[in-house]
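Asker: What would the 3D arrangement of this be:
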Amino acid sequence: MCQMPIFDTPMDSKTVPIDIVVAWVDGADPILHKKRMSYLNLDNGAHPGASATRFHSLNEVHFCVLSILKFAPFVRNIFVVTDQQDPKIHDTIKEYFPSRISDIRIVDHTEIFEGFESYLPTFNSICISNMLWRIKGLSDQFVYFNDDIFLTRPLNPEDWFKNGRPVLRGKWVLPPYERLLWDEIKAGFQKLFLKQKKERVSSFQVNQWNAARRLGFKYRYFRSGHTPLALNRQTLKAFLEAYPYILKENIKHRFRNYEQFNTVALANHLEYNIGNRNFASSQAVYMQPHNRGDGYVNRKFMECEQDKNILFLCVQSLDLATKKDQEYVLKRMNELLETQL
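Answerer: Alright, predicted model coming up:
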């Protein structure tokens, strides 16, 4: 269990700016692909945290950024974090929000890993999120997006920050005992009967539990979902600078690892420990249009439209969907944002 005096002075959410950070990668880039495969080959060509769909892009980042500019115009800056890549959103922003071009900045991994260059390249979103607080010029109030998450209707700053503290989106749940037990049994079987020691498949739930457990939580943890996640830069900075060995241990993995802790879960439990009780539901619709059958995508969009409480939409692994469903998702996103991409 780690204990420390962390940054605990509430900010004035109405005067402190809010920035957005979007993590993005184009796995089809031949340079990045070659680089990724060179490290995979060190693991005999396979790693459970290196599924190709984690790296694919269908230009969702354009819709992500446009949705922020349209539905959250109070946002100050949007930082798109990449590995020596260019999402080429300049022309898109110029067409639809020309006055906001200077508010969009591409941030390379070398900036956030300054002083930690030996851990690059990384193909691990957990490692990248561990370092986002190091973006130069980032506001103390910021919101973390993946490029497959979009806003669906107008937001207020209070949807992300209240009384100087982040809004914690998720719910309290029991630790993932069943998953932990099954993983232990499977690993034991492989070692005893197959004489193999395979890397355990990284789990979104286990990685969050790892963060809570590290901070002394024993019987429950606050689990977040696929939604924009509000963070306090100072909270992360104070903890990770106080425990550099914890940070280094977590960012050493080139690909997602079972033993890592989730950055947002760490921040959420740190916030709870200093008295933050700004709890909220996810207010998000989760869509994974792969082998779902006819009507699935339309039902998800209808849910977004009809439920006025829904603020966010996550469309995960769109690259695995049929061409028809891909085109339909992009069509509905264009209708939502009044664009023609």
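Asker: which stretch of helix or strand covers residue 172?
Answerer: strand 171-173 (DSSP states H and E).
Asker: Need the contact partners of the helix or strand following that strand.
Answerer: For strand 171-173, the following helix or strand on the C-terminal side (DSSP H and E) is helix 177-193. By Cβ atoms under 8 Å, 6 or more residues apart in numbering, the residues outside helix 177-193 that reach it are 196, 197, 198, 200, 201, 203, 205, 206, 209, 258. Bear in mind the C-beta positions are built from the backbone N, C-alpha and C, glycine included.
Asker: Work out the gap between the helix or strand that comes right after helix 177-193 and the centre of the chain.
Answerer: Remark: after helix 177-193, the chain's next helix or strand is helix 204-214, criterion DSSP H and E. For helix 204-214, the separation from the chain centroid amounts to 15 Å (computed by Cα atoms, centre = their mean, to the nearest Å).
Asker: Residues touching helix 204-214, excluding its own?
Answerer: Outside helix 204-214, the residues that reach it (Cβ under 8 Å, 6+ apart) are 1-2, 126, 175-176, 179-180, 183, 220-224, 246, 256, 258-266, 269.
Asker: Confidence-wise, which helix or strand of this structure is lowest on average?
Answerer: helix 177-193 (a mean of 80; mean pLDDT, DSSP states H and E).
Asker: Now it: buried residues?
Answerer: Within helix 177-193, the residues that count as buried by 16 or more other Cβ atoms under 10 Å are 183, 187.
Asker: Kindly report the same for stretch 283-303.
Answerer: 283, 284, 285, 287, 288, 289, 297, 300, 301.
Asker: Put together TSV for those residues, with distance to residue 70, pLDDT and secondary structure on each row.
Answerer: Putting the buried residues of stretch 283-303 into TSV (distance: Cβ to Cβ, whole Å; pLDDT from 0 to 100; DSSP: H, G, I helix; E, B strand; the rest coil) gives the following:
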residue	distance to residue 70	pLDDT	secondary structure
283	17	97	coil
284	17	98	strand
285	18	98	strand
287	19	96	strand
288	24	94	coil
289	23	91	coil
297	21	95	helix
300	20	97	helix
301	17	97	helix
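Asker: tell me which of these is nearest to residue 318?
Answerer: residue 289 (6.5 Å; Cβ to Cβ).
Asker: State the distance from the closest one to residue 319.
Answerer: From residue 289 over to residue 319 the distance is 10 Å, taken as Cβ to Cβ, to the nearest Å.
Asker: Next: residue 36.
Answerer: Per Cβ to Cβ, residue 36 is found 16 Å from residue 319.
Asker: more crowded one of these two?
Answerer: Using other Cβ atoms under 10 Å as the criterion, residue 36 and residue 319 rank with residue 36 on top: 22 against 16.
Asker: Work out for me the element that one sits within.
Answerer: helix 30-40.
Asker: mind exporting the next helix or strand along the chain from that helix as CSV, just the C-alpha atoms?
Answerer: Where DSSP H and E defines the elements, the next helix or strand beyond helix 30-40 is helix 60-71. Extracted in CSV, the C-alpha atoms of helix 60-71 (Å, rounded to 0.1, in the frame of the first residue of the first chain):
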residue,chain,number,x,y,z
GLU,A,60,-12.3,7.9,-36.1
VAL,A,61,-10.1,10.6,-34.5
HIS,A,62,-11.5,13.2,-37.0
PHE,A,63,-15.0,12.5,-35.6
CYS,A,64,-13.7,12.4,-32.1
VAL,A,65,-12.1,15.9,-32.3
LEU,A,66,-15.0,17.4,-34.2
SER,A,67,-17.5,16.1,-31.6
ILE,A,68,-15.5,17.8,-28.9
LEU,A,69,-15.4,21.1,-30.7
LYS,A,70,-19.1,20.9,-31.5
PHE,A,71,-20.5,19.8,-28.2
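Asker: What sits closest to residue 198 if chain neighbours are left out?
Answerer: residue 190 (5.7 Å; Cβ to Cβ, 6 or more residues apart in numbering).
Asker: Residue 182 versus that neighbour, what's the distance?
Answerer: Residue 190 is 13 Å from residue 182, by Cβ to Cβ.
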